[in-house]
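**Q** sequence below, structure please.
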Amino acid sequence: MEAIVYEEFGGPEVLRHETGVAVPEPGAGEVRVKVAVVGVNPVDHKRRYGWVEQFYPTTFPAVPGLEFAGTVDALGPGVTGVAVGDEVLGWTKTGAYAEYALSELYVPKPAGLSWEQAASLPVAGETAARVLGLLGVKEGETLLLHGAAGVVGSVAVQLAVAAGVTVIGTASEPNHAYLRSLGAIPVTYGEGLATRVRAAAPDGIDAVFDAAGHDTLPVSIELMAGEKARIVTIAAPDAEAHGIVFSGVMAPPEEVRATLTTQTTQAAQGTLTIRLAETLPLKEAARAQALSESGSPRGKLLLLP
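**A** The predicted structure is shown next:
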């Protein structure tokens, strides 16, 4: 089969496009999926560099990619509730940058949900819901969300606004109209951020979701008057040094399935959307990861096997 493979940690150049990779066989509780669309995420290049081994240990040769949307191609022993030909989305055990992948954590794809939106949702949806749950934000509260225009950030904005939370979202000026369309109050990041946030939220903020990194924790602690318990980051590598929770481990599988099922329904109805940036052929995976690493795409990057 066609797949992207790497056998050492490093830059995009370690990724190789191969066409003779063995098709995986599903084991107990697994399905094999013919991949239709692959979602590209920042964690993909972080895994390629070896930066997140504590969360995602690597066995070489490795195929990148966590999330996919596709059609069930084969069932492993003991699999029930799904049939060959069913359309699904979820997480793969064998790497999503491939023509075929194995999965045991997936949900049905609603007929009204496009392949592109389906492949964009698992990682961003799970991450956003998990962190909002850790923060315990509730109706009437104010959330400061760093990196609000990114894929995870934009999903978190929509989930929080729908729950009655006021969201102050940091983003560059060109993204402010987009954040307003999602219901957030945009502020520009960078020098003077604390002053701008206080102006946008004169009664203060109740929690901070950091999806950006880039030295956001000191100003977050300042704005929370030193209260660190309701600050969570998914992007700041120095979180521990600041006494801040770094969330990098997925919720339990049944909770993840329930969350994703709800979110796919919302996405099919158009009440939860992800902005798409660019779709590339699988053989251009190195370029896709380089684009993701640059932080320049305004939306989700996708690959087509």
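
**Q** in this protein, which spans are helices?
**A** 42-49, 115-135, 151-162, 176-182, 193-200, 217-223, 239-242, 253-269, 285-294 (DSSP state H).

**Q** what sits opposite the closest residue to G204 other than its chain neighbours in the beta ladder?
**A** In space, and not counting its chain neighbours, G204 is closest to T142: 7.1 Å by Cβ to Cβ, 6 or more residues apart in numbering. Quick note: C-beta positions are derived from backbone N, CA and C, even for glycine. Counting by DSSP bridges, T142 is bridged to T166.

**Q** ok, T142 touching I205?
**A** Yes. Using Cβ atoms under 8 Å, T142 is in contact with I205, at 4.8 Å.

**Q** so these two - more neighbours on which side?
**A** Ranked by neighbour count (other Cβ atoms under 10 Å), T142 and I205 place I205 first, with 23 against 19.

**Q** need phi/psi at that one.
**A** Phi and psi for I205, reported as degrees, to the nearest 10, are phi -110, psi 160.

**Q** if I look at it, how far off is A148?
**A** Remark: distance between I205 and A148 (Cβ to Cβ, to the nearest Å) = 13 Å.

**Q** please enumerate the strands of the stretch 1-150 of the chain.
**A** Counting by DSSP state E, counting those that start in this stretch, the segments of the stretch 1-150 of the chain that form strands are 3-5, 16-18, 31-40, 67-75, 87-91, 100-103, 105-108, 142-146.

**Q** could you dump the last one to PDB, C-alpha only?
**A** Right, strand 142-146. Taking C-alpha atoms only, strand 142-146 is exported to PDB below (Å, rounded to 0.1, in the frame of the first residue of the first chain):
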ATOM      1  CA  THR A 142     -15.100  34.300  31.200                       C
ATOM      2  CA  LEU A 143     -12.400  32.200  29.500                       C
ATOM      3  CA  LEU A 144      -9.200  33.600  28.000                       C
ATOM      4  CA  LEU A 145      -8.200  31.300  25.100                       C
ATOM      5  CA  HIS A 146      -4.700  31.800  23.600                       C
END
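
**Q** residue contacts, the residue nearest the centre of the chain?
**A** What sits nearest the mean C-alpha location of the chain, by Cα atoms, centre = their mean, is A124, with 2.8 Å. For A124, the contacting residues are N41, V151, V152, S154, V155, I274, K300, by Cβ atoms under 8 Å, 6 or more residues apart in numbering.

**Q** farthest-separated two in those residues?
**A** The two members of those with the most space between them (Cβ to Cβ) are N41 and S154, at 13.8 Å.

**Q** can you give me the pLDDT of the residue nearest to G204?
**A** In this model, T142 is scored at 98, pLDDT.

**Q** likewise for H214?
**A** Reading off the model, H214 has pLDDT 81.

**Q** what about it, neighbour count?
**A** 14.

**Q** show me what counts as buried in stretch 272-292.
**A** By neighbour count on 16 or more other Cβ atoms under 10 Å, the buried set for stretch 272-292 is 272-280, 282-292.

**Q** in stretch 157-166, what's buried?
**A** Across stretch 157-166, burial judged by 16+ other Cβ under 10 Å covers V157, Q158, L159, A160, V165, T166.

**Q** quick one on the thing from earlier: how about the helices of the chain, which one is nearest E7?
**A** helix 42-49 (11.2 Å).

**Q** in PDB, list the C-alpha atoms belonging to that closest one.
**A** What follows is helix 42-49, C-alpha atoms only, in PDB (Å, rounded to 0.1, in the frame of the first residue of the first chain):
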ATOM      1  CA  PRO A  42       1.100  19.900  15.200                       C
ATOM      2  CA  VAL A  43       1.700  16.700  17.200                       C
ATOM      3  CA  ASP A  44       2.700  15.000  14.000                       C
ATOM      4  CA  HIS A  45       5.900  17.000  13.600                       C
ATOM      5  CA  LYS A  46       6.500  16.900  17.400                       C
ATOM      6  CA  ARG A  47       6.400  13.100  17.200                       C
ATOM      7  CA  ARG A  48       8.700  13.200  14.200                       C
ATOM      8  CA  TYR A  49      11.300  15.200  16.200                       C
END
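
**Q** angle of that helix against helix 285-294?
**A** On the basis of axes from the mean of the first three to the mean of the last three Cα atoms, to 10 degrees, helix 42-49 is oriented at 110 degrees to helix 285-294.

**Q** which strands or helices does helix 42-49 pack on?
**A** Using 3 or more Cβ pairs under 8 Å, 6 or more residues apart in numbering; DSSP states H and E as the contact test, the elements touching helix 42-49 are helix 285-294.

**Q** what's the helix it packs on in contact with?
**A** Outside helix 285-294, the residues within contact range by Cβ under 8 Å, 6+ apart are 4, 12-13, 15, 17, 40-42, 44-45, 48, 64, 97, 278, 280, 297, 301, 303.
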